[in-house]
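Trainee: Here is the input, now give the coordinates:
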Amino acid sequence: MRPVLFQVGPLPVSSFGVFLLLAFVVGILVTRARARRRGWDGGDVIDLSLYAIIGGIVGARVGHVLIYWKEFAGYPMRIFTIWRDAGLTFYGALLGGAVVAWAYGRRRGWSLGQIADVAAPGIALGYAIAMIGTLLYGLNYGRPTTLPWAVVLFGEPRHPTQLYLMAAALIIFAILLLAERRPMAPGRLFWLFILLYAIARIAIERYMDSPRVFGPLTLAQAANIVAGALALVMWIVLGRQPAPKPATTAVDPESSSIAPPAEPIATPASKTGEPNG
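Mentor: Residues are numbered from 1 along each chain as shown. Model prediction:
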C-alpha cells in the first residue's frame, strides 16, 4: 500500500487521485480519437468529456453518500472531502456523466447512444488504469488468501482483486473493439460494455472482502445483477433494430491515420472502496 504517492511541499498527493486523473486523460484521448473518425469536432469532444467528468464525479459521490448515508449523517461536511475516503460509485458516475452528455449532445445532433458507444472503450481502459490507484490506496481489497500471487494489505496476504478488475477491464476493452467491427444500432456497444462489466464484477466480488447484505450477495453483486439484467435486455432490444449503414466520414486533418478506439471508479465499503457497483 502507498496511499500517499508523493508530497508537494506540505500537501500529500494520493495515489488514487493520481491514477484517477491519468484514467481521465487516457479516456479523453481515446474517446477524442474515436469521435474524430466519425467526423465529430475534436474541440467539442474535449469539452463534452470535461463536462461529463464533472457530472460523473458529482453523480459518483452522490451515489456513495446515499449508500453510506449513516456514515455521513453526523458529519455532513465529509460529503465534500472526496480525497479522504475516495468514496465514488461506478454507476453513479455513469449516470451523472450520461445526463451531461445527453444535454451537451442535443445541441450538436449527437444522440446519447452514439456518445455512449464512442466513449465505452475509453471508459473500460480508464477503469483499468484507475484500478492501479485503488491497489496502492488500499481500496477494493480482497479476502485473505495463501495463493502465491497474493498482495500484502493491512498486514496480511490478500487476493489482488484490484488487479483482477484491471485485467477484466482490459479484456472488455479488447472485446469492445472487436465487437464494433460489425455495424450495430447506436447504444448497443455501450450496453455490451455494461453487461460484460457486470458479469466480471459479480464474479470478482466473490474474492473481495465485502459484507454480505442480501443473503449470500454483497451490495455490489446485487447492484450488478440488476445492471447486467438491464444491459442484457437493452442488448437484445437494440439488436432487433436495423444497424446503420457504414458511411464515409471526413477525417480530421489533425488526427493520425491510426486512431485508437474510445473512454471511473472506486468506493470503499468500509475500505472496500470501489467504483462501487
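Trainee: And what about S49, helix, strand or coil?
Mentor: helix (DSSP: H, G, I helix; E, B strand; the rest coil).
Trainee: Apart from its neighbours in sequence, what residue is nearest it?
Mentor: Leaving aside its sequence neighbours, S49 sits nearest to I28 (Cβ to Cβ, 6 or more residues apart in numbering; 4.4 Å). All C-beta atoms are positioned from the backbone trio N, CA, C, and that covers glycine.
Trainee: That neighbour is in contact with I123, isn't it?
Mentor: No - the criterion here is Cβ atoms under 8 Å, and I28 misses it with I123 at 10.7 Å.
Trainee: hey, where'd the helices end up in the stretch 51-200 of the chain?
Mentor: 69-73, 82-85, 90-106, 112-137, 161-179, 188-204 (DSSP state H, counting those that start in this stretch).
Trainee: As JSON lines, those helices with mean pLDDT would be great.
Mentor: Shown next, in JSON lines, are the helices of the stretch 51-200 of the chain (pLDDT from 0 to 100):
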{"stretch": "helix 69-73", "mean pLDDT": "77"}
{"stretch": "helix 82-85", "mean pLDDT": "66"}
{"stretch": "helix 90-106", "mean pLDDT": "92"}
{"stretch": "helix 112-137", "mean pLDDT": "95"}
{"stretch": "helix 161-179", "mean pLDDT": "97"}
{"stretch": "helix 188-204", "mean pLDDT": "97"}
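Trainee: So what does A185 have for phi and psi?
Mentor: phi -60, psi 150 (degrees, to the nearest 10).
Trainee: What is the burial count for it?
Mentor: Neighbourhood size, A185 [other Cβ atoms under 10 Å]: 18.
Trainee: Name all residues that make contact with it.
Mentor: Neighbouring residues of A185 by Cβ atoms under 8 Å, 6 or more residues apart in numbering: G113, L238, G239, Q241, P242, A243, P244.
Trainee: ok, now L196?
Mentor: Here L196 is in contact with I172, I175 (criterion: Cβ under 8 Å, 6+ apart).
Trainee: ok, it to G142 distance?
Mentor: Remark: distance between L196 and G142 (Cβ to Cβ, to the nearest Å) = 21 Å.
Trainee: swap in L192?
Mentor: Computed as Cβ to Cβ, the L192 to G142 distance reads 27 Å.
Trainee: What of G63?
Mentor: In terms of Cβ to Cβ, G63 sits 23 Å off from G142.
Trainee: List just the nearest of the contacts of A185 to L88.
Mentor: Distance to L88 across the contacts of A185 (Cβ to Cβ) is lowest for G113, with 24.8 Å.
Trainee: my read: P3 touches S15, true?
Mentor: Yes - with contacts counted by Cβ under 8 Å, P3 reaches S15, the gap being 6.1 Å.
Trainee: Any chance you could list residues touching both of these two?
Mentor: Both P3 and S15 are contacted by L136, Y137, under the criterion Cβ under 8 Å, 6+ apart.
Trainee: more neighbours, those two?
Mentor: The neighbour comparison of P3 against S15 (other Cβ under 10 Å) goes to S15, with 23 against 15.
Trainee: Could you check the pLDDT of that one?
Mentor: Per-residue confidence (pLDDT) for S15: 87.
Trainee: Just give the closest residue to it, not the sequence neighbours.
Mentor: Using Cβ to Cβ, 6+ apart, the closest residue to S15 is L136 (3.6 Å).
Trainee: what's the answer for R188, then?
Mentor: Using Cβ to Cβ, 6+ apart, the closest residue to R188 is L238 (4.1 Å).
Trainee: again, but for A167
Mentor: Leaving aside its chain neighbours, A167 sits nearest to A128 (7.9 Å; criterion: Cβ to Cβ, 6+ apart).
Trainee: M166 is in contact with that neighbour, correct?
Mentor: Yes - using Cβ under 8 Å, A128 is in contact with M166, at 4.7 Å.
Trainee: picking up where we left off before, next, count neighbours for the residue nearest to A167.
Mentor: Neighbour tally, A128, other Cβ under 10 Å: 22.
Trainee: Ramachandran angles for the nearest residue to R32 once chain neighbours are set aside?
Mentor: Spatial nearest neighbour of R32, excluding adjacent residues (Cβ to Cβ, 6+ apart): V45 at 4.8 Å. The phi/psi pair for V45 (degrees, to the nearest 10) reads phi -70, psi -40.
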